[in-house]
Structure formats: C-alpha cells, structure tokens
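K.L.:
got a predicted structure here, sequence first:
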Amino acid sequence: MPKKALIFGVTGQDGALLARLLLNKGYVVAGTSRDAQLSGFHNLRVLGIFDAVRVFSANPTDFRSALDVISRTRPQEVYNLAGQSSVGLSFEQPVETFNSIGIANLTLLEAIRFLGDKSVRYYNAGSGECFGNTPIPVTEEAPFHPRSPYAVAKAAAFWQVANYREAYGLYACSGILFNHESPLRPERFVTQKIVRAACRIASGSREKLVLGNMEIERDWGWAEEYVDAMWRILQQEHPEDLIIATGTFRKLKEFVAEVFKAFGLNWEEHVTQSESLLRPSDITQSRAQPAKAQKSLNWTAKSTYRDVARMLVAAELERLRQ
Ligand code: NDP
C-alpha cells in the first residue's frame with residue numbers, strides 16, 4: 001500500500017515542492033487550502049502536479065475542519081506548512097499571524113490527539129527566526145529570542161509540539177528551517193523582489209530598487225532541498241526537532257550584488273535604501289549550525305546563496321521567455 005500524506009498549505013512554496021517530492025516517492029498526496037474553490041493552485045499547476053493531488057478546503061484554525069480532512073484522508077504523515085509566512089506582514093497583522101501559526105498548530109495537534117492514532121507523524125514548519133540575533137551559529141540547544149510577531153508565534157508552535165510529544169507521546173517534530181527560496185516565492189519576499197527588479201532594470205527600466213536594511217545577514221538555501229529534509233525528519237525512528245540550514249551566511253547586499261552581477265550590472269547604481277522599509281525590530285545576524293541534521297538525517301544543503309541567486313535569475317528569465 002502506498003503511504004498517504006496530508007499537507008496543510010499545499011498551495012504555498014514548500015507545500016507544492018513537498019507534494020511533488022512525495023508524489024515522486026510514490027505517496028498518495030492530499031493537500032489543503034483555506035478555500036479550494038477560490039484558490040488557483042498556481043504552484044501545483046506550475047509544477048504540473050495539480051491533477052495528482054487531492055485538494056480540500058480546510059482551515060487549520062478550525063477544529064471541525066481539521067478533524068474532517070484528517071479523518072477523510074487518513075494520512076500516515078501530516079505536514080503543517082500553512083500560515084501567514086511573512087515576517088514583515090506579521091508586524092501589521094500580529095493577531096492573524098498568531099492565529100494562523102500558534103492556534104492552527106495547536107488545533108492540528110489536538111485533532112491528531114483526538115483521533116487517537118499514535119502512528120500518525122506530524123511535521124510543524126518551525127523557523128530559525130525564533131532564535132533572534134545569532135552572532136554565533138546556533139544549535140538546537142540555543143535559547144529562543146524571537147524579534148517579530150511571526151517569530152513569537154513560531155516559538156509558541158515549537159513548544160506546543162514539544163509538549164504534545166512529551167505529554168501524549170505523539171510523533172511530532174519541528175523542522176527549524178532557515179530561509180529557503182525558489183521561483184515559487186511571491187514578490188513580497190525580498191529575494192524575489194530583487195530578482196524581478198534586476199530583471200526589469202536589465203531590460204531597460206529606469207526604476208530604482210528600494211530596500212530596507214542591506215546589512216542584515218541571512219542563511220539562504222534552496223527550497224527543493226529543504227522539503228527533502230522535512231520528509232527525512234518524519235522518517236526517523238524517534239521524533240526530533242532539527243535545524244535545517246546551509247550553515248553559511250551572507251549580507252543582503254551580497255545577495256543583491258550577486259543577482260545584479262548575473263545581468264552584468266553594478267548593483268550600487270540601481271539600489272537605494274529607505275528607512276520606511278525598516279522593521280520595528282529585526283534580526284541583523286542569522287547564523288546556524290546544522291550539524292545535527294547532517295548526522296541524524298544524512299542531509300546537507302548543496303546550494304549556496306550564490307547558486308540560489310543564479311537559479312532564481314535563470315527561472316525568472318525562463319518565466320519571461322514563456
Ligand atoms: P507560503 O506563504 O508560500 O505558503 C503558506 C500557505 O499557508 C499559503 O499557501 C496559504 O494557503 C496558507 N496561508 C497563508 N496565510 C495564511 C493565514 N493567514 N492563515 C492560514 N493559512 C494561511 O509559505 P512557505 O511555503 O514559504 O512556508 C511554509 C511554512 O514554512 C510556513 O509556515 C512558513 O512560515 C515556514 N517557513 C518558511 C521559511 C521560508 O524561507 N520559506 C523559513 C522558515 C519557516 P491558502 O491561501 O491556500 O490557504
């Protein structure tokens with residue numbers, strides 16, 4: 001019998017990439033959107049897998065809806081990749097952010113507990129944002145110091161998972177993922193904003209790309225590799241929370257320079273900084289030590305920030321060509 005997986009948030013970047021990975025592994029894949037009637041399932045269509053995924057309307061903050069979709073699909077693996085995923089937007093919508101991450105995660109844990117099948121394995125999309133500023137690369141043992149409503153919600157969800165594992169013996173894990181990108185990211189995210197602007201400028205646009213703090217450091221990886229890590233996390237004999245990152249870090253301006261270089265442009269002539277884009281509190285350094293994942297999962301990130309920049313540029317050029 002093929003394994004069955006249910007992905008909450010299958011319409012998103014990671015949801016769609018994970019669905020493709022699981023289908024390739026022979027899984028039967030079901031996925032949710034808050035409104036499957038209205039959702040265009042753009043990412044599933046771009047990947048050419050829309051017809052292979054059984055889609056449902058389900059809101060993970062709604063207990064009945066969560067219970068219903070889990071009961072109907074009877075998955076062995078549940079991946080919770082749904083929720084408001086923008087750190088910037090979380091300052092504008094803190095309550096919605098907390099609900100869609102903290103309350104949703106708790107609701108899904110409760111639904112799985114209620115159904116009483118301890119063989120179900122649950123993955124929670126944790127975030128490296130929980131650690132806050134990390135001048136020294138963090139391991140899984142480092143304390144959290146969230147610096148945004150998004151990170152606060154992710155920290156709550158992380159502890160809910162740990163608590164349900166300890167209190168009720170659920171097989172539940174958080175992957176603590178650092179930034180990972182793909183062409184499926186919308187332009188709201190800075191990497192895609194940079195790539196699209198650079199592409200327009202290279203084609204003759206005289207606009208300036210306006211960014212916030214370009215001194216911030218991030219650890220950028222390639223999303224396709226990260227969804228593989230998610231799957232590996234749920235294949236372990238014992239549930240474990242793991243950091244997934246490349247282990248290298250770069251300033252935003254280095255990422256910008258790499259993208260503009262791919263078009264033969266000097267970024268400093270085309271980019272300006274605006275105070276209006278600074279966040280009320282931000283992470284200046286985001287450094288991770290993914291050694292445990294390497295050991296437990298036999299997983300290492302292959303793509304560097306430079307590869308990520310080049311692959312995003314190539315994908316954008318291909319998109320425009322089509
Ligand atoms: P996306 O934003 O691409 O997808 C998230 C999905 O969640 C959307 O497709 C949407 O589905 C649903 N969603 C969006 N807003 C809400 C909301 N307010 N309430 C409920 N559901 C909502 O995220 P990613 O695929 O990039 O990320 C997946 C998960 O991993 C997220 O939880 C994210 O926070 C986390 N993460 C991502 C990182 C990254 O670098 N990409 C890093 C670390 C963690 P629909 O509208 O169809 O309901």
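P.N.:
Okay, I see it. These numbers come from a predicted model, not from an experiment.
K.L.:
how near is the closest residue to A291 other than its chain neighbours to the ligand?
P.N.:
Of all residues not flanking A291 in the chain, T139 sits nearest, at 7.2 Å (CB to CB, 6 or more residues apart in numbering). To be clear about C-beta, it is placed using only N, CA and C from the backbone, and glycine gets the same treatment. Distance of T139 to the ligand, computed by CB to the nearest ligand atom, to the nearest Å: 17 Å.
K.L.:
near T139, how many other residues are there?
P.N.:
Counted with other CB atoms under 10 Å, the neighbours of T139 add up to 13.
K.L.:
that one reaches A293, doesn't it?
P.N.:
No: using CB atoms under 8 Å, T139 is not in contact with A293, being 10.4 Å away.
K.L.:
list residues touching both of those two?
P.N.:
I243 (CB atoms under 8 Å, 6 or more residues apart in numbering).
K.L.:
what's around G88, how many residues?
P.N.:
G88: 15 neighbours (other CB under 10 Å).
K.L.:
next, it: secondary structure please.
P.N.:
Here G88 is recorded as helix under DSSP: H, G, I helix; E, B strand; the rest coil.
K.L.:
my guess is it meets L278, correct?
P.N.:
No: using CB under 8 Å as the test, G88 is too far from L278 to be in contact (10.3 Å).
K.L.:
please name the residues that touch T248.
P.N.:
T248 sits in contact with D219, T304, Y305, where contact means CB under 8 Å, 6+ apart.
K.L.:
which strand or helix spans it?
P.N.:
Under DSSP states H and E, no helix or strand contains T248.
K.L.:
ramachandran angles for it?
P.N.:
Taking degrees, to the nearest 10, you get phi -120, psi 160 for the backbone angles of T248.
K.L.:
in the stretch 201-322 of the chain, what residue is nearest the ligand?
P.N.:
A223 (6.4 Å; CB to the nearest ligand atom).
K.L.:
I'd assumed P183 was in contact with that residue.
P.N.:
No: distance between A223 and P183: 9.3 Å, which falls outside the contact criterion (CB under 8 Å).
K.L.:
more crowded one of these two?
P.N.:
The residue with more neighbours, out of A223 and P183, is A223; 22 against 18, by other CB under 10 Å.
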